[in-house]
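**Q** the amino acid sequence is not available; the structure is as follows:
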């Protein structure tokens, strides 16, 4: 439909798509006048982008970094299994309404575990589970066997947590285990866990609460803290303000400064005992005193307000962001990779693969690191996808080397274990590369990002920045348009306000004399204070230069030079002194610089467009455009 300089063709479909984006109504907008009006804007836009490419703006690192950022965001939905995504989002939302209290025992795995490492850890966990089933307390097992460093302090207690707070396999085990039950060994990136669920809470949403805390101090007698919290509780039952109780009784200065308030509180931020009590209270209910062994303190809690979780649709954007940051988000890519491997042909070059294994053995044996020259040596294809795309040996070498944090006595076995994950990643990379060819809408939106960034960058360089720094050109331009910027009659005035209206008669004469003598407001105010010798006066003086209609006090005067006492219904005394009436006159560039720069930018842009239209001939095939016109 459109050609620029004989080498850039723009189809009618592209024109139509962008036209509809800017005119999102109905087919009735396809009139000849509407299309022709928009065509001029479209040609100007494409000429600017064409010029940016000719000048190499699309080769700059800043441009490509920004485009790549947008591309990554745009590609993300295409590179995950959407059905799995929806399942994860729905599951996360449902779990927002429940909090699980759990304890765990951890047997760690090394960063690069061998099959023997995995089997040993798993069998150890089964042995621990057997001891629990034979009657050994879970807390004691956690203290003795857990390799979680915090177990020595908390005996494996993790408190309450809701959705998206733990790694996904652990979260699943906790949410799927009944209260009082214990999960089977669960593997995460940290190792194997036994998870014991001790309680659950129904969470309609976050809560606003206040609390009083009395810590048990080393020198207190057994009942000192209990006696104090009991007294606070009795006071809370009769006092209309829980804040008063906090200020009178709480012994934590940090929370006292906030009246003991916690807003939008969710489980897991305080102790398990605190959460267990707080989330079972009703709105406006006060808890009985309770002790928290984690804080070694007594509490009472008052529920100010109970919030409701938003609907699924309202919460979805936040859930998506949180899921994308969680490790289990990889499940979505893994499922897509499994699906794509049924569509795309993949072939591993066994000879090239064996060379990488030998190289890894040599590197680990000699304790050497990768070097950049290995990319030139190990450059044979190790993987071919769909007979068109290849992955070099070095890519697999680098992938395995990053995983290989400990020595292994069977490198070939280790590489075989790593290959499926490497293959999944390469399949996703291949899918990413072909997105513009596989999905036309992706290519179209990416092109719009491409052109939009180029348009911004070249316009900023040619128009916006030039208008800001070209002071000579701006001054010359302003000389041609300065008649558009004129002041009407202005009034150089002082506005004086006095809060104590009853004192107005006794101070007016002093104020009038001081203000007619002129000077800065602070100087006038100082003279008034010295004359009246009254430090209690709440007096304010403002100097302004305004046109009619810009200040309500000036507008109440006769708009002539003089001193005026104004009648107001504001409970204050107000005077206005017009010191000078300034006749109409042209505005200076410094007074309207922002407006002038904007006009200069428009002027530069118009001149630039004229140059581009002369520089690059444009051919429009109106017969093709005609096909869009609604008959």
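**A** Looks like it arrived, so ask away. These numbers come from a predicted model, not from an experiment. Numbers count the residues shown, from 1 in each chain.

**Q** can you show me the helices along the stretch 1-150 of the chain?
**A** 12-22, 32-54, 61-75, 82-95, 115-133, 138-145 (DSSP state H, counting those that start in this stretch).

**Q** and the stretch 451-600 of the chain, by the same measure?
**A** 465-469, 471-481, 504-516, 521-532, 552-555, 593-615.

**Q** dump those to CSV, plus mean neighbour count and mean pLDDT.
**A** C-betas here are computed from N, CA, C, even on glycine. CSV is the format used below for the helices of the stretch 451-600 of the chain (neighbours: other Cβ atoms under 10 Å; pLDDT from 0 to 100):
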stretch, mean neighbour count, mean pLDDT
helix 465-469, 14, 91
helix 471-481, 13, 95
helix 504-516, 16, 91
helix 521-532, 15, 89
helix 552-555, 16, 95
helix 593-615, 15, 95
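
**Q** of all those, which one is nearest residue 186?
**A** With Cβ to Cβ as the measure, helix 465-469 is the member of the helices of the stretch 451-600 of the chain nearest residue 186 (58.0 Å).

**Q** list the helices and strands the closest one packs on?
**A** With contacts defined as 3 or more Cβ pairs under 8 Å, 6 or more residues apart in numbering; DSSP states H and E, helix 465-469 has these neighbours: helix 593-615.

**Q** what's the helix it packs on in contact with?
**A** 43-44, 47-48, 51, 459, 462-464, 466-468, 470, 473-474, 477-478, 481, 485, 589 (Cβ atoms under 8 Å, 6 or more residues apart in numbering).

**Q** try stretch 138-158
**A** So stretch 138-158 is contacted by 101-108, 124, 128, 131-132, 182, 191, 196, 272, 294 (Cβ under 8 Å, 6+ apart).

**Q** inside strands: which ones of those?
**A** Applying DSSP state E to the contacts of stretch 138-158, the entries found in strands are 101-108, 191, 196.

**Q** now the two most distant members of those residues.
**A** Most distant of these, by Cβ to Cβ, are 101 and 108, 23.5 Å apart.

**Q** who's more crowded, these two?
**A** A direct count of neighbours by other Cβ atoms under 10 Å for residue 101 and residue 108 places residue 101 higher, at 22 against 14.

**Q** the more buried one bridge partners, please.
**A** On the basis of DSSP bridges, residue 101 is bridged to residue 160, residue 199.

**Q** before we move on, back to that, which of the contacts of stretch 138-158 are buried?
**A** Applying 16 or more other Cβ atoms under 10 Å to the contacts of stretch 138-158, the neighbour count classes 101-107, 124, 128, 131-132, 182, 191, 196, 272 as buried.

**Q** for those, which one is nearest residue 244?
**A** Scanning the buried ones among the contacts of stretch 138-158 for proximity to residue 244, where the rule is Cβ to Cβ, the winner is residue 272, at 28.9 Å.

**Q** relative to residue 112, how far out is that closest one?
**A** 35 Å (Cβ to Cβ, to the nearest Å).

**Q** just say helix, strand or coil for the residue lying closest to residue 245 once chain neighbours are set aside.
**A** Distances taken as Cβ to Cβ, 6 or more residues apart in numbering place residue 236 nearest to residue 245, at 4.6 Å, with adjacent residues excluded. With DSSP: H, G, I helix; E, B strand; the rest coil as the basis, residue 236 sits in helix.

**Q** residues near residue 236, how many?
**A** With other Cβ under 10 Å as criterion, residue 236 counts 22.

**Q** try the one 5 residues further on
**A** Other residues near residue 241 number 11, with proximity taken as other Cβ under 10 Å.

**Q** quick one: pLDDT of residue 88?
**A** For residue 88, the pLDDT comes out at 85.

**Q** could you check how far it is from residue 80?
**A** When residue 88 is compared with residue 80 (using Cβ to Cβ), they lie 10 Å apart.

**Q** same check, this time on residue 275
**A** 34 Å.

**Q** follow-up on the earlier one: wait, the residue nearest to residue 245 sits on residue 286?
**A** Yes - if you go by Cβ atoms under 8 Å, residue 236 and residue 286 touch, sitting 5.2 Å apart.

**Q** shared neighbours of the two, which are they?
**A** If you check residue 236 and residue 286 against Cβ under 8 Å, 6+ apart, the residues they both contact are 242, 300, 302.

**Q** any chance of those in TSV, with distance to residue 580 and pLDDT too?
**A** Formatted as TSV, the shared contacts of residue 236 and residue 286 follow (distance: Cβ to Cβ, whole Å; pLDDT from 0 to 100):
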residue	distance to residue 580	pLDDT
242	60	96
300	67	97
302	62	97
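
**Q** by neighbour count, which of the residues you listed wins?
**A** Going by other Cβ under 10 Å, residue 300 tops the shared contacts of residue 236 and residue 286 with 28 neighbours.

**Q** pretty sure that residue belongs to a strand, no?
**A** Yes - assessed by three-state DSSP, residue 300 belongs to a strand.

**Q** name whatever forms a beta bridge with it.
**A** Beta-bridge partners, per DSSP bridges, of residue 300: residue 212.

**Q** returning to what we had before: out of the helices of the stretch 1-150 of the chain, flag the one nearest residue 433.
**A** Nearest to residue 433, of these and by Cβ to Cβ, is helix 61-75 at 10.1 Å.

**Q** only the buried residues of that closest one, if you could.
**A** Neighbour-count burial for helix 61-75, with 16+ other Cβ under 10 Å as criterion, is recorded at 63, 67, 70-71, 75.

**Q** next, the buried residues of the helix or strand residue 352 falls within.
**A** Using DSSP states H and E, residue 352 sits in helix 350-366. With burial defined by 16+ other Cβ under 10 Å, the residues of helix 350-366 counted as buried are 352-353, 355-357, 359-360, 363-364.

**Q** please apply the same query to stretch 389-398.
**A** 389, 391-398.

**Q** again, but for stretch 53-63
**A** 57-58, 63.

**Q** now do it: distance from first to last residue.
**A** End-to-end span of stretch 53-63 (Cα to Cα, to the nearest Å): 11 Å.

**Q** and stretch 1-21, by the same measure?
**A** First-to-last residue span, stretch 1-21, Cα to Cα: 18 Å.

**Q** what pLDDT, on average, does it get?
**A** The model assigns stretch 1-21 a mean pLDDT of 90.

**Q** that concludes my questions; thank you for your assistance.
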